[in-house]
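>>> heads up, no residue letters with this:
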């Protein structure tokens, strides 16, 4: 437990160091960026804790907490965007340009690197499946299961919201797909992809639900004191179920959701005081690109040296941050004429 406490102390320290007042109006994009920053840090620390063989459930589950946050804000953001713009050709184009193309390009580069520098042989089908993000069993980078999952939700969301105009029915259909994903948990033969989809099956439509009925929720929880009280109750709930999350998948799911709620609402409370965490905002701005690099350098290229953990830890962060910044800039240059507004969700 000491290691988990130390991690949260470090995160809190950095948060306080970079806590600043902003001289411009806070908007939804900035809030989302802060939340993305938290989410990707959780994913990275969760993966690092496993490769470092730190057997602590709090640390080991940070990645799942981060995924839950990403799915919640994705559902919320897509609903808000569809309210303004509807489902048009630009909706599909944006999903391809901002998600599939960056993923496919970097995956292709990694596969080429493996082929010519590490002398690894891959079949054409394997390469094609991985570049398209549809390999369920033998994925090149196991952490990339999320790409296929979120693209599946983009497709479902786009079709449902294009052909159906009734809010309640739209959301009900999304939850029906959640149940379908959830039903695949014990599928045989076992696939980690289907398991991950199952335990994260409800977060995207819950995000959509909040986007659709958030104003009503805001009228109920209309003060900082109420949000703080709900957070305290949620923390108590987390404490009560914590001991059983490794043996009960449903409690595991509730745990992830509860942690996500506490962290998201904490960011909202900070914003209510007109405060701004620069570090989280910056990390959030490159979060997707960090995700494309963080897993492969841990699991495929073994950059973390257990004999020099501190040095390799900082080297790892430097490498993935630098590559993320560079790759983001390249993608922006290539796709800049395609995307009219990069700040849309």
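Ah, there it is. This one's a predicted model, so the numbers in the text were calculated from it and none came from an experiment.
>>> Can you list the buried residues in the helix or strand hosting residue 178?
Using DSSP states H and E, residue 178 sits in helix 167-182. When burial is assessed from 16 or more other CB atoms under 10 Å, helix 167-182 yields the following buried residues: 170-171, 173-175, 177-178, 181-182. Heads up, the C-betas are built off the backbone N, CA and C, glycines and all.
>>> contact partners of it?
156-157, 160-161, 164, 197-198, 201-202, 204-205, 208-209, 212 (CB atoms under 8 Å, 6 or more residues apart in numbering).
>>> Going by distance to residue 291, which of the buried residues of helix 167-182 wins?
Nearest to residue 291 among these is residue 181, at 20.4 Å by CB to CB.
>>> roughly how far apart are that closest one and residue 204?
Residue 181 sits 9 Å away from residue 204, taking CB to CB, to the nearest Å as the criterion.
>>> Then residue 33?
Residue 33 sits 19 Å away from residue 204, going by CB to CB.
>>> do residue 129 as well
Between residue 129 and residue 204 the distance is 23 Å, computed by CB to CB.
>>> Next: residue 255.
On the measure of CB to CB, residue 255 and residue 204 end up 18 Å apart.
>>> Tell me the confidence at the residue of the chain most remote from its centre?
Most distant residue from the mean C-alpha position of the chain: residue 119, 32.4 Å away (CA atoms, centre = their mean). Per-residue pLDDT puts residue 119 at 90.
>>> The nearest residue to residue 33 once chain neighbours are set aside and residue 327, how far apart?
Leaving aside its chain neighbours, residue 33 sits nearest to residue 284 (3.7 Å; criterion: CB to CB, 6 or more residues apart in numbering). The gap separating residue 284 from residue 327 is 16 Å, by CB to CB.
>>> Who has more neighbours out of the two?
Using other CB atoms under 10 Å, the more surrounded residue of residue 284 and residue 327 is residue 284, with 24 against 20.
>>> Which strands and helices lie in contact with the helix or strand hosting that one?
Secondary structure assignment for residue 284, by DSSP H and E: helix 278-285. Helices and strands touching helix 278-285, by 3 or more CB pairs under 8 Å, 6 or more residues apart in numbering; DSSP states H and E, are helix 2-17, helix 28-51.
>>> Only the buried residues of the last one, if you could.
Neighbour counts using 16+ other CB under 10 Å place 30-50 of helix 28-51 among the buried residues.
>>> Against which helices or strands is it packed?
helix 57-60, helix 62-85, helix 249-272, strand 275-277, helix 278-285, helix 287-295, helix 309-335.
>>> From the chain's centroid, how far away is the last one?
Per CA atoms, centre = their mean, to the nearest Å, the displacement of helix 309-335 from the mean C-alpha position of its chain is 17 Å.
>>> in that helix, what counts as buried?
312, 316, 320-321, 323-324, 327-328, 331, 335.
>>> Out of residue 129 and residue 204, name the residue with the larger neighbour count.
residue 204 (30 against 18).
>>> can I assume the more buried one is in contact with residue 74?
Yes: the criterion here is CB atoms under 8 Å, and residue 204 meets it with residue 74 at 6.1 Å.
>>> list residues touching both of these two?
150, 153.
>>> other SSEs contacting the helix or strand in which residue 211 is found?
Using DSSP H and E, residue 211 sits within helix 203-220. In this structure, helix 203-220 makes packing contacts with helix 62-85, helix 145-163, helix 167-182, helix 249-272, judged by 3+ CB pairs under 8 Å, 6+ apart.
>>> List the contacts of that helix.
Residues outside helix 203-220 that contact it (CB under 8 Å, 6+ apart): 67-68, 71-80, 83, 150, 153, 157, 167, 171, 174-175, 177-178, 226, 257, 260.
>>> What of stretch 312-325?
The contact list for stretch 312-325, computed with CB under 8 Å, 6+ apart, reads 44, 48, 286, 289-290, 292-294, 297-298, 303-305.
>>> List the residues that contact the residue lying closest to residue 59 once chain neighbours are set aside.
Nearest non-adjacent residue to residue 59, counting by CB to CB, 6+ apart: residue 49, 3.8 Å away. By CB under 8 Å, 6+ apart, the contact set of residue 49 is 56, 59-60, 62.
>>> if we can go back for a sec, selection in PyMOL covering whichever of the contacts of stretch 312-325 are buried, please.
Only the buried members of the contacts of stretch 312-325 end up in this PyMOL selection, burial being decided by 16+ other CB under 10 Å:
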select buried, resi 44+48+286+289+290+292+293+294+297+298+303+304
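>>> And the contacts of stretch 312-325, which is closest to residue 246?
Closest to residue 246, out of all of the contacts of stretch 312-325 and judged by CB to CB, is residue 48, at 19.5 Å.
>>> do you know how far that closest one is from residue 41?
Distance, residue 48 to residue 41, by CB to CB: 10 Å.
>>> cool, residue 76 as well?
20 Å.
>>> cool, and residue 159?
For residue 159, the distance to residue 41 (CB to CB) stands at 33 Å.
>>> Output the below-cut-off pLDDT ranges for the stretch 51-200 of the chain.
136-137, 188-190 (pLDDT under 70).
>>> list the helices and strands the helix or strand containing residue 194 packs on?
For residue 194, the element it lies in under DSSP H and E is helix 192-199. Using 3+ CB pairs under 8 Å, 6+ apart, the elements in contact with helix 192-199 are helix 145-163, helix 167-182, helix 249-272.
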